[in-house]
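Chemist: Just the structure for this:
(2 chains)
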Amino acid sequence: MKNWPLVARLLLASWLLVLLILPLAGVALSLAFQSAVNQAFDERLKAMLHVTSSAIRADLDGRLDLSRSLGDARFEQVFSGWYWQVSDAEGPLLSSRSLWDEALSPMPGGETGQVIAGDAMGPREQPVRQVQRRLRLPDYPQPLQVVVAGPTTEVQAEVAGFRRLLLIALASLGGLLLALIAIQVRWGLAPLRRMREDLREVQSGRRESLDADLPADLRALAETMNRVLDRDRRLIERGRNAAGNLAHAIKTPLAVMRTQLANLPDRERERFGHELKRVDEAVRHHLARASAAGSAGFSGQIMIATALAPVLDGLGKMAERRGVKLEVRMDERLRVSLDPHDLQELAGNLLENAVRWANGLVRFTLEAGDGRIRLLVEDDGPGMSEAQRRAAMDRGKLVDSERSQSGLGMSIVRELVDLYAGEMQLGVSAEGGLSVRIELQTGTG
Amino acid sequence: MKILLVEDDLGLAEALGEAMTEAGVLLDHTGSGAEADFLIATEHYDVVVLDLGLPDGDGTAWLSRWREQGINLPVLVLTARGRWSDKAAGFSAGADDYLTKPFETGELLFRLRALLRRAHGHAHPVLRVGDLALDTHTGSLTNSGRPVSLTAQELRLLEYLLHAMPRLVSRLELVEHVYERDQQPDSNVIDVQISRLRRKLGSDLIETVRGRGYRVVDPSASDTV
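Modeler: This is a model prediction of the structure:
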């Protein structure tokens, strides 16, 4: 639950609230309505009780009679649920026609003149609401019990109708609220989602920083993140520059030493030459490593042809000098998200190596699409044996220490391919030379 | 061959100077782009060797400026920056070749000779006239397969005439390309050296066109005409 997404948390919290509050409100409303309906029914029955009570009179023989009727047809209709009855201690004396041959049983208790109300069982197991009052008539020796009853089914039907309506209303309200909350949460979190997309693009190198066009609270966050990104970039840049400066500072004295090797006796020339070569290889290797951007670096969309033009131009001259034909096959309009320097380094090293070993032909094929870029470099040179190819793919080894330049170029290529988590395959070209196939993930859509 | 070395590191410039002189190449050196700019405008070089990290501006900037001015002199860029993106920038600026430090002196000479040969429009690395062959890769000269012994100055003179072949080369052009700035020869010094070459290689190899200059002619070709 600790790791639940924000959307789920917000939705769950508000939905729980809605699902708890609405039923509670429904129950409260329904109870209040029921009590109000009951009270109104009781009042009606009491009014009838008063009318009945005041209409009772006793004649000279001590016989009771009603001076006027209640005037409600339901008291005349047999077992209608509406009844009245006047009784004394011995039993019923007068009753409505609706009671027929049955009798109501007065509830116990109640002082004279006091009205009491309660639920009771009427004729034929009919549940009724009953109000009663004990009274004394001046012309009658015993106290009388006057009872008026009405059917509770009527009240229950009214309450049930109200509950049905309430349920429909509350359910619709609940549904509407749930939907509105979902929309509100989505809308409220939209800037966060946008920020996440931005961050993903920064990560994949498609953009340099987060868009700060956000709500005020998030803008501060985005700006802070941008500052962190910027600082990281500057740190990396500084590290790269430092590595580059160090390497360049070492290279010129190395060149002087290399030039002066010629003045040494043969044995020492060989020994120093070997050591100088090792220093040079180490410097080149680590410089190339430090300066590669890799897939984490920012790179907007680049035109492949534009990025490679100077490299192909330079290599064209080199190939021409060696009498090698350089065939280039690529779509001039291709665009990819890749650090242009990394692309130049890849193509440059591969082609330089191929031109160096080719007898007369180097073929360079480049394709891109589906977020990948594929490079194929083939030559008609001596190629490599199976064992040499395996050794070349062995990480941490130079391809051939005798051919340090090209070996170093290949190890730089391998490092770059690793940085981009790409694939590299060595094989035999159609002309019997070496073919190098490289596939990298890029930012293209 | 006469080259201009633009390199601000004195140690490297000195070491290269020695190695080039030993190989018979004439070399002027400057440590600044501005002086190189001046020298290129006033002197005649066959190739410029240009370091990119100069105290008065990036080498590629100077190179682009020269190319914009229409100077087509072959330029070999010599630099510590070995990344392909740097090389690419060099080639974009108009470099003809690129050599990263540290390098073998032999490799530098090889590339300089190749640049010179291409600048004169020769496709084949061996220049032949009759039995005479100059291997532009190694700088070695043979006559009927036997090595020929020439002084450095004689070799430079012959190399220049062979590269220029079959074009006529004026005395002034020879003075500018074959002799050092501060050792410009008297007019008859060239005549003396030409006669020595004729003595060593055959009298009909170099033709004198009176009042205009010299040119190498193929003796076997003239026989057949």
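Chemist: how far away is the nearest residue to residue A:258 once chain neighbours are set aside from residue B:15?
Modeler: Sequence neighbours aside, residue B:102 is the residue nearest to residue A:258 in space, at 4.1 Å (criterion: Cβ to Cβ, 6 or more residues apart in numbering or on different chains). In this view, the C-beta of every residue, glycine as well, is placed from N, C-alpha and C. Here the criterion is Cβ to Cβ, to the nearest Å. By it, residue B:102 lies 11 Å from residue B:15.
Chemist: Quick check: which element contains the residue of chain A found nearest chain B?
Modeler: Nearest residue of chain A to chain B (Cβ to the nearest Cβ) works out as residue A:348 at 3.0 Å. According to DSSP states H and E, residue A:348 maps onto helix A:340-357.
Chemist: Show the average pLDDT along that helix.
Modeler: Throughout helix A:340-357, pLDDT has a mean value of 87.
Chemist: Stretch A:225-242 too?
Modeler: Computed over stretch A:225-242, the mean pLDDT rounds to 86.
Chemist: List of residues touching it?
Modeler: Stretch A:225-242 has contacts (Cβ atoms under 8 Å, 6 or more residues apart in numbering or on different chains) with A:199, A:202, A:208, A:209, A:210, A:212, A:290, A:291, A:298.
Chemist: Closest one to residue B:86 out of those, please.
Modeler: Checking the contacts of stretch A:225-242 against residue B:86 by Cβ to Cβ gives residue A:291 as the nearest, at 9.7 Å.
Chemist: Thought residue A:342 was touching the closest one, still the case?
Modeler: No - Residue A:291 is not in contact with residue A:342 according to Cβ atoms under 8 Å; the separation is 9.2 Å.
Chemist: who has more neighbours, those two?
Modeler: residue A:342 (23 against 20; other Cβ atoms under 10 Å in any protein chain shown).
Chemist: was I right about the more buried one contacting residue A:289?
Modeler: No - using Cβ under 8 Å, residue A:342 is not in contact with residue A:289; the gap is 11.8 Å.
Chemist: list the contacts for whichever residue of chain B sits closest to chain A?
Modeler: With Cβ to the nearest Cβ, the shortest gap between chain B and chain A falls at residue B:84, namely 3.0 Å. Counting by Cβ under 8 Å, 6+ apart, residue B:84 touches A:311, A:341, A:344, A:345, A:347, A:348, A:349, A:352.
Chemist: count of residues packed around the nearest residue to it once chain neighbours are set aside?
Modeler: Closest residue in space to residue B:84, ignoring its immediate chain neighbours: residue A:348 at 3.0 Å, by Cβ to Cβ, 6+ apart. Neighbour count of residue A:348, defined by other Cβ under 10 Å: 25.
Chemist: give me the number of residues near the closest residue to residue B:144 other than its chain neighbours?
Modeler: Distances taken as Cβ to Cβ, 6+ apart place residue B:131 nearest to residue B:144, at 4.3 Å, with adjacent residues excluded. When neighbours are defined as other Cβ under 10 Å, residue B:131 has 15 of them.
Chemist: Local confidence estimate at residue B:131?
Modeler: At residue B:131, pLDDT is 86.
Chemist: For whichever strand or helix holds residue A:362, name the packing helices and strands.
Modeler: Assigned by DSSP H and E, residue A:362 belongs to strand A:361-369. Strand A:361-369 sits against helix A:304-321, strand A:325-330, helix A:340-357, strand A:372-379, with contacts defined as 3 or more Cβ pairs under 8 Å, 6 or more residues apart in numbering or on different chains; DSSP states H and E.
Chemist: Single out the most deeply packed of these.
Modeler: Most buried of those, by mean neighbour count (mean count of other Cβ atoms under 10 Å in any protein chain shown): helix A:340-357, with a mean of 24.
Chemist: got the angle for that one vs strand A:361-369?
Modeler: 150 degrees (axes from the mean of the first three to the mean of the last three Cα atoms, to 10 degrees).
Chemist: pLDDT below threshold where in the chain?
Modeler: Just so you know, I chose chain A. Filtered on pLDDT under 70, chain A yields the residue ranges A:205, A:293-300, A:321, A:395-408, A:443-445.
Chemist: um, chain B though
Modeler: B:221-225.
Chemist: Distance to residue A:157 for the helices and strands packed on strand A:361-369 - can I get that in JSON lines?
Modeler: JSON lines is the format used below for those (distance: least, Cβ to Cβ, whole Å):
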{"stretch": "helix A:304-321", "distance to residue A:157": "82"}
{"stretch": "strand A:325-330", "distance to residue A:157": "85"}
{"stretch": "helix A:340-357", "distance to residue A:157": "82"}
{"stretch": "strand A:372-379", "distance to residue A:157": "74"}
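Chemist: Which one of these lies nearest to residue A:219?
Modeler: Of the helices and strands packed on strand A:361-369, nearest to residue A:219 by Cβ to Cβ is helix A:340-357, at 31.9 Å.
Chemist: who's in contact with the residue nearest to residue A:258?
Modeler: Contacts here follow Cβ under 8 Å, 6+ apart; on that basis residue B:102 touches A:251, A:254, A:255, A:257, A:258, A:276, A:280.
Chemist: So which of those is surrounded by the most neighbours?
Modeler: That'd be residue A:255 among the contacts of residue B:102, by other Cβ under 10 Å, with 30 neighbours.
Chemist: sec struct for the residue nearest to residue A:258, please.
Modeler: Per DSSP: H, G, I helix; E, B strand; the rest coil, the secondary structure class of residue B:102 is coil.
Chemist: re the thing from before, Throw together a ChimeraX command that grabs the buried residues out of the contacts of stretch A:225-242.
Modeler: Per 16 or more other Cβ atoms under 10 Å in any protein chain shown, the buried members of the contacts of stretch A:225-242 correspond to this ChimeraX selection:
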select /A:202,209,210,290,291,298
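Chemist: Please go through the contacts of stretch A:225-242 and note which also touch chain B.
Modeler: Near chain B, judged by Cβ under 8 Å from any Cβ of the partner chain, the entries from those are residue A:291.
Chemist: Among the contacts of stretch A:225-242, name the ones in helices.
Modeler: Counted as lying in helices by DSSP state H, out of these, are A:199, A:202, A:290, A:291.
Chemist: these two touch, right, the residue of chain A closest to chain B and residue B:88?
Modeler: Yes - using Cβ under 8 Å, residue A:348 makes contact with residue B:88 at a distance of 7.1 Å.
Chemist: Mind listing the shared neighbours of the two?
Modeler: With Cβ under 8 Å, 6+ apart as the test, residue A:348 and residue B:88 both reach A:311, A:314.
Chemist: Can you give me the domain assignment for chain B?
Modeler: Listed by automatic domain parsing, the domain ranges of chain B are B:2-119, B:126-224.
Chemist: Nearest approach to residue A:414 belongs to which of these?
Modeler: With Cβ to Cβ, the closest approach to residue A:414 among the domains of chain B belongs to domain B:2-119: 15.1 Å.
Chemist: For that closest one, give the distance from the opening residue to the closing one.
Modeler: End-to-end distance of domain B:2-119 (Cα to Cα, to the nearest Å): 13 Å.
Chemist: Check stretch B:59-78 too.
Modeler: 10 Å.
Chemist: Return the distance of it from the chain's centre.
Modeler: Relative to its chain's centre, stretch B:59-78 lies at 17 Å (Cα atoms, centre = their mean, to the nearest Å).
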